[in-house]
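Here's my sequence, what's the structure:
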Amino acid sequence: MASNKVIINDVGPRDGLQNQPKILDLQQRLALILALEAAKVPEIEVGAFVSPKAVPAMAGTADLFPLLPKGSAVYSGLIPNMKGFELASKANVPLMSLVVAASNTMNEKNIKMTTEQSVDVCREVLTLAKSKGANVQAYVATAWECPFEGAIKADEVYRVTEQLIDAGATGIVIADTIGAANPAEVASLMEGLTSRFDSNILSCHFHDTRAMGLANVYAALEAGIRKFDASIAGLGGCPFAPGASGNVATEDVVMMLEQMGYDTGIDIPLLLKASDLAIELTGTATGGNAKTWMEKHYNK
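Alright, predicted model coming up:
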């Protein structure tokens, strides 16, 4: 029987901030991370080890890790390649994340590689990570639809997932990068994946482009998934994926899960404070769809 415990990984400090018009300084980014940590969010994506020229909002990510409290949340950082792995290793990042798009065109436009070449790069990183005892997971991006190719075949997602697991990825995150999936499609793909692989190493990442983010979380939950990415106040949007809007809001996901009887371990009043901070710092975040209702019911 699937567990009643659901793990939330808040990607607001990385995925949420990377495409915002206002670039936050390190102290502002740290304040947001600490607000999430105070709310007992179990996993937090701190930033990305990418070129500051390509993604200015992620400059100085390595400098954040020494400032984080020890022994609380699991902190992660995105690494695009071997160079990213080396930088993240020097910063003692507890969990690193690689990304491979299931779509060839997305990989070619984003990193100028085919999917196979991208998997090969990941394989090299994962081999080294295994030898060093490093914890590296992998995202399978555009798992349902690509902004350039359209619908992605499930077999392609299964194939890439299997290659990454065989290479040593400690977890696989199935990502609806542009928010194009619907609950029936999510159920179909995730049921296929959980029948082929251990559900404990699978998680999902949804965007709320078409207001179906929460419904897609529910569909994946029903398929046995117990770990989800979400972004505080609904921040998000990928600069390299046309059409990608904000991620599904952490406060919405947590409210739904808790009301359904699942245990996230997250302090909702403090999570709402973190949402307020995200709105204040960025000037663009609006908060989750349920935020107004939650403020009336949880801030008593």
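
how many neighbours does G287 have?
21 (other C-beta atoms under 10 Å). For the C-beta atoms, the positions are set from N, CA and C on the backbone; glycine is no exception.

For it, pull up the helix or strand it's in.
In this structure, G287 sits in neither a helix nor a strand according to DSSP states H and E.

Measure how buried A223 is and give me the count.
A223 sits with 21 neighbouring residues when counted by other C-beta under 10 Å.

V99 versus that one, what's the distance?
The spacing between A223 and V99, counted by C-beta to C-beta, to the nearest Å, is 22 Å.

got the residue ranges for the strands in the chain?
7-10, 43-48, 74-78, 95-101, 136-141, 145-146, 150-151, 172-176, 202-206, 227-230 (DSSP state E).

Mind checking these for the one nearest to L17?
Closest to L17 of the strands of the chain is strand 43-48 (C-beta to C-beta; 8.2 Å).

All the helices of this protein, residue numbers only.
Secondary structure of the chain (DSSP state H): helices at 26-38, 61-64, 82-90, 104-111, 115-132, 154-167, 183-196, 213-222, 250-259, 268-282, 291-298.

Mean pLDDT lowest where, among these?
Mean pLDDT is lowest for helix 104-111 out of the helices of the chain, coming in at a mean of 90.

same for that helix, what does it pack against?
In terms of contacts (3 or more C-beta pairs under 8 Å, 6 or more residues apart in numbering; DSSP states H and E), helix 104-111 is packed against strand 95-101, helix 115-132.

got JSON lines for the ones you listed, with mean neighbour count and distance to N182 too?
Putting the helices and strands packed on helix 104-111 into JSON lines (neighbours: other C-beta atoms under 10 Å; distance: least, C-beta to C-beta, whole Å) gives the following:
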{"stretch": "strand 95-101", "mean neighbour count": "25", "distance to N182": "20"}
{"stretch": "helix 115-132", "mean neighbour count": "18", "distance to N182": "24"}
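
Could you save those as JSON lines and add columns showing distance to G71?
Compiled in JSON lines, the helices and strands packed on helix 104-111 are given as follows (distance: least, C-beta to C-beta, whole Å):
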{"stretch": "strand 95-101", "distance to G71": "14"}
{"stretch": "helix 115-132", "distance to G71": "22"}
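
For A141, which of those is the nearest?
strand 95-101 (4.3 Å).

quick check: mean pLDDT across the closest one?
On average, strand 95-101 scores 97.

Within the sheet, what are the partner strands of it, with directions?
Applying DSSP bridges, strand 95-101 is found paired with strand 74-78 (parallel), strand 136-141 (parallel).

rewinding a little: H207 is nearest to which of the helices of the chain?
Using C-beta to C-beta, the helices of the chain put helix 213-222 closest to H207, at 6.2 Å.

And the contacts of the closest one?
For helix 213-222, contacts defined as C-beta atoms under 8 Å, 6 or more residues apart in numbering pick out 6, 176, 179, 181-184, 186-187, 190, 204, 206-208, 228, 230, 247-249, 252-253, 256-257, 262, 289.

tilt between that helix and strand 172-176?
Helix 213-222 runs at 140 degrees relative to strand 172-176, counting by axes from the mean of the first three to the mean of the last three C-alpha atoms, to 10 degrees.

Give me the distance from helix 213-222 to the chain's centre.
Counting by C-alpha atoms, centre = their mean, to the nearest Å, helix 213-222 is centred 15 Å from the centre of its parent chain.

Next, the buried residues of that helix.
Within helix 213-222, the residues scored as buried using 16 or more other C-beta atoms under 10 Å are G213, L214, A215, N216, V217, Y218, A219, A220, L221.

just stretch 266-283 next, same as before
Quick answer for stretch 266-283 (16+ other C-beta under 10 Å): 266-268, 270-279, 281-282.

which two in these are spaced the farthest apart?
Within the buried residues of stretch 266-283, D267 and T282 form the most distant pair, 22.0 Å apart (C-beta to C-beta).

Give me the neighbour count for K22.
11.

For it, report the pLDDT, please.
On the pLDDT scale, K22 gets 93.

Would you mind confirming that it makes contact with E280?
No: between K22 and E280 there is no contact under C-beta atoms under 8 Å: 11.0 Å.
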